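In: this one's sequence-less:
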């Protein structure tokens, strides 16, 4: 796998060095986590990172060094926490669906996200500060463990699309 990964990095760099994607369930979890860390070190100018079904256990702390990052998709991994990412001022889309979050990461509140996907986790509450998510237009928290509508969502005035389906919410205000 190491050689294929190196070849893929070279191929990505030749295209324009702006986007990287791994979508392989056969990658060992340790290898995938190391790949993401090494990827960030080697390509700090990336605009898009997409690691789906890669068995990633954590987002590397050096993700904050990818200052040009616009899209970060880490769907269907094993992530349960988020490092401080406030330096990612251009980050607009974050997909952390199908991971292992039981609590909503407060580290996300200060990001300038437009799209946030946290579907298929184990979230059951969401307390959003009034000054959080000023630009957020799309929020997907479907297929979690909510039993009541998180009313603090109403403080997100920019929100255009909200998905709370497949939760046990009896009434939506």
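Out: In hand now; what should we look at? These figures come from a predicted structure and were not determined experimentally. Residues are numbered from 1 along each chain as shown.

In: can you report phi and psi for residue 115?
Out: phi -130, psi 130 (degrees, to the nearest 10).

In: now swap in residue 49 and tell me
Out: The phi/psi pair for residue 49 (degrees, to the nearest 10) is phi -130, psi 130.

In: can you show me the strands along the protein?
Out: Using DSSP state E, the strands of the chain run over 19-23, 48-52, 71-73, 93-95, 115-117, 138-140, 161-163.

In: quick one, what contacts residue 80?
Out: 99-102 (C-beta atoms under 8 Å, 6 or more residues apart in numbering). C-beta here means a position set from N, CA and C on the backbone, and glycine is covered the same way.

In: counting neighbours, which of these comes out on top?
Out: Neighbour counts for the contacts of residue 80 (other C-beta atoms under 10 Å) peak at residue 99, which has 23 neighbours.

In: and it, what does it touch?
Out: 74-80, 120-121.

In: and stretch 131-144, average pLDDT?
Out: For stretch 131-144, the mean pLDDT works out to 96.

In: work out the gap between it and the centre of the chain.
Out: 12 Å (C-alpha atoms, centre = their mean, to the nearest Å).

In: which positions in that stretch come out as buried?
Out: 132-133, 136-144 (16 or more other C-beta atoms under 10 Å).
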